[in-house]
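Visitor: Fold the following, please.
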Amino acid sequence: MSKTNEKGIALILTLILVLVISVMAVSLTFLSQSETWSSLNYRLMSQARDGAEAGVHSAANFLTSTTTYTPAGTVSDPLSGYKYTSVWPVQSPSTATTGHDVYLSANTSKQAANYPYSAAQTAFNASGVGKGSFSAGNTTINYATYARLLSMTKLNSTISGSSATVQTWEITSDGTISGVRAATVEVSAILEETVVPTFGYAAFATNNGCSALQFGGGGYTDSYNSATYISGTPTAAASGGNIGTNGNLSTSGSPTTINGNLSTPRAGVGACTTSNVTAWTDTSGTVTGSIVELPQAVTYPTPPAVTPAPGTSNTTLNNKATDCGAITGCTYDTSGGCATNDFCLAPGTCPPAAGGPGIYDNITDKGGVHLKAGCYNINSFTENGGGALYIDSGPVTLSIAGSGQSTPFDITGGGMINSVSPAYNPMSLQIIYAGTGTIKLKGGGSSIGVMYAPNATYSIGGGADWYGALIGGTLTDMGGAGIHYDRRLQYEDFVPGPWMLESFTWKKY
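Guide: Residues are numbered from 1 along each chain as shown. Predicted structure coming up:
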């Protein structure tokens, strides 16, 4: 067979192979370029979303900071500038913008600003607040934000004396990257200030250190409901006696029992030190519920100064009419509706008028003092011996000034007897103190009330009971006293709670 006809086949095969390899190389090049562009697009989208989220958080920081933004309800930004009851979202009632939602906006290309208080809009529009930029490598990321006011509620706490406007906002932010390869991502979130009951715990200690709460000697908590009270001693449930603190709970002495949850921003069970504040130090005691780790410390507003302020003179009430001296509103025996050998202190209006009844200096009680419905401004009250504090009708609001007194309120003598009907409603007696002094309480079968003293040091003893709730700086119950929380308090008085940023959504343009 002749091989001359096979000349040139190698060249043809080589050309075919070169062609195939070239096609594969071009395909790989396009594939690599596609992956590169895809990776770049993902990076730009992620960076734009980061920018949009930065705008949301910047706007949230602005709205939640008392130094940058004050909610409506001030003289310069009155509530009359808004329609906020029975509507959602909040509307502007002015003629020019009737029926319009209310916006703070630094992104006017998406949403025009119409917030009634121009100073707030100006502050929101500042660089770094509603709009701004930052760098990520060689890329500049911009954000522009607007916020819509969804709801607004005016809270007036009769206990803390605080007044606040609670708001809910919808924040929308665009994150953008300009250039040949541009990207835009929109992120929305809901910013809500919660509303919580003033007395949400049987006892709460605002101190953030060790032994902020101490229970020992058989001290305990539980709960009842005065709304369903009929007669006799309320039936207590072995639950619902929740306690809380910004610091540590220390328990000792069986059968010390917390019949409920312990809430604190601290974590862990064990020894507590200044550098390692644990949630619970247990020598001998029981928490029947859970340890709830709070997302942040709880802040209770400090009550306003007692006005009109009482004086600082001292009066001792023994057992004769002349003990009242020149005190306006003080009567002795049955002339004031009191029991024999007891004293009546007349209430004032709320608040008491200067020079009228209801304003008392330092009172030392050695017999028995009766209070009636109304308001009292007292510098200090101390039981000595067998004296007792009687609440004859309610509600009674007892505002303690404590000027020059290390122990402005001490009822460890004869304790307290609250005979108000319906019985066991702790709102019948509201004791309010803004200072840092010591409060000494002695429980009893009829010790019914709430005490709001978020900066004070409490000492509870007597081996008897307190029906209601207590808020203090630190609180010590080492005398076996029981604190019975009235679940009805969850619906009686409210204060602003922590802000919550929630319901994140996003989309890419």
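
Visitor: quick one, domains of this protein?
Guide: Taking automatic domain parsing as the reference, the chain has its domains at 39-198+497-508, 203-493.

Visitor: Can you say which of those is nearest to residue 22?
Guide: Each of the domains of the chain was checked against residue 22 via Cβ to Cβ, and the shortest separation belongs to domain 39-198+497-508, namely 26.0 Å. (Each C-beta comes from the backbone N, C-alpha and C, glycine too.)

Visitor: show me where pLDDT drops low in the chain?
Guide: Per-residue confidence of the chain (counting by pLDDT under 70) places the weak regions at 1-8, 26-42, 94-99, 179-181, 335-336, 421-422, 443-445, 462-464.

Visitor: try 50
Guide: The model of the chain has pLDDT under 50 over residues 1, 95-96.

Visitor: Name the single longest strand found in it.
Guide: Of all segments of type strand in the chain, defined using DSSP state E, the longest is strand 139-156.

Visitor: And the following helix or strand past that one, what's buried?
Guide: Counting by DSSP states H and E, the element after strand 139-156 in chain order, helix or strand, is strand 163-177. When burial is assessed from 16 or more other Cβ atoms under 10 Å, strand 163-177 yields the following buried residues: 164-177.

Visitor: swap in stretch 338-358?
Guide: Those would be 338, 342, 343, 344, 345, 346, 347, 348, 351, 352, 357, 358, for stretch 338-358 by 16+ other Cβ under 10 Å.

Visitor: same question, stretch 104-122
Guide: With burial defined by 16+ other Cβ under 10 Å, the residues of stretch 104-122 counted as buried are 104, 105, 106, 107, 111, 113, 114, 115, 116, 117, 120, 121.

Visitor: isn't residue 362 right next to residue 400, touching?
Guide: No - Residue 362 is beyond contact range of residue 400, at 10.8 Å (criterion: Cβ atoms under 8 Å).

Visitor: which of the two has more neighbours?
Guide: A direct count of neighbours by other Cβ atoms under 10 Å for residue 362 and residue 400 places residue 400 higher, at 27 against 22.

Visitor: mind listing what the nearest residue to that one once chain neighbours are set aside touches?
Guide: By the measure of Cβ to Cβ, 6 or more residues apart in numbering, the closest residue to residue 400 outside its immediate chain neighbours is residue 433, 4.2 Å from it. In this structure, residue 433 makes contact with 303, 399, 400, 402, 408, 409, 439, 451, 452, 453, 456, judged by Cβ atoms under 8 Å, 6 or more residues apart in numbering.

Visitor: Can you list which of these are found in strands?
Guide: With strands defined by DSSP E, the entries of the contacts of residue 433 inside them are 399, 400, 409, 439, 451, 452, 453, 456.

Visitor: related to what we said a few turns ago, flag every buried residue along the longest strand of the chain.
Guide: 139, 141-150, 152, 155.

Visitor: Repeat that for stretch 178-196.
Guide: By neighbour count, and taking 16+ other Cβ under 10 Å as the criterion, the buried residues in stretch 178-196 are 183, 184, 185, 186, 187, 188, 189, 191, 192, 193.

Visitor: can you redo those as CSV with secondary structure and distance to residue 477?
Guide: Converted to CSV, the buried residues of stretch 178-196 look like this (DSSP: H, G, I helix; E, B strand; the rest coil; distance: Cβ to Cβ, whole Å):
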residue, secondary structure, distance to residue 477
183, strand, 60
184, strand, 59
185, strand, 54
186, strand, 53
187, strand, 48
188, strand, 47
189, strand, 42
191, strand, 39
192, strand, 35
193, strand, 33
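
Visitor: ok, which pair from those residues is furthest apart?
Guide: 183 and 193 (33.0 Å).

Visitor: I'd say residue 468 and residue 486 touch.
Guide: Yes - contact criterion Cβ under 8 Å: residue 468 and residue 486 qualify, at 5.8 Å.

Visitor: residues bridging contact with these two, i.e. touching both?
Guide: Shared contacts of residue 468 and residue 486, defined by Cβ under 8 Å, 6+ apart, comprise residue 426.

Visitor: sorry, back to before: format the buried residues of stretch 338-358 as JSON lines; extra columns: distance to residue 385 and secondary structure.
Guide: Compiled in JSON lines, the buried residues of stretch 338-358 are given as follows (distance: Cβ to Cβ, whole Å; DSSP: H, G, I helix; E, B strand; the rest coil):
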{"residue": "338", "distance to residue 385": "18", "secondary structure": "coil"}
{"residue": "342", "distance to residue 385": "14", "secondary structure": "coil"}
{"residue": "343", "distance to residue 385": "14", "secondary structure": "strand"}
{"residue": "344", "distance to residue 385": "19", "secondary structure": "strand"}
{"residue": "345", "distance to residue 385": "18", "secondary structure": "strand"}
{"residue": "346", "distance to residue 385": "24", "secondary structure": "coil"}
{"residue": "347", "distance to residue 385": "25", "secondary structure": "coil"}
{"residue": "348", "distance to residue 385": "28", "secondary structure": "strand"}
{"residue": "351", "distance to residue 385": "31", "secondary structure": "coil"}
{"residue": "352", "distance to residue 385": "28", "secondary structure": "coil"}
{"residue": "357", "distance to residue 385": "26", "secondary structure": "coil"}
{"residue": "358", "distance to residue 385": "26", "secondary structure": "coil"}
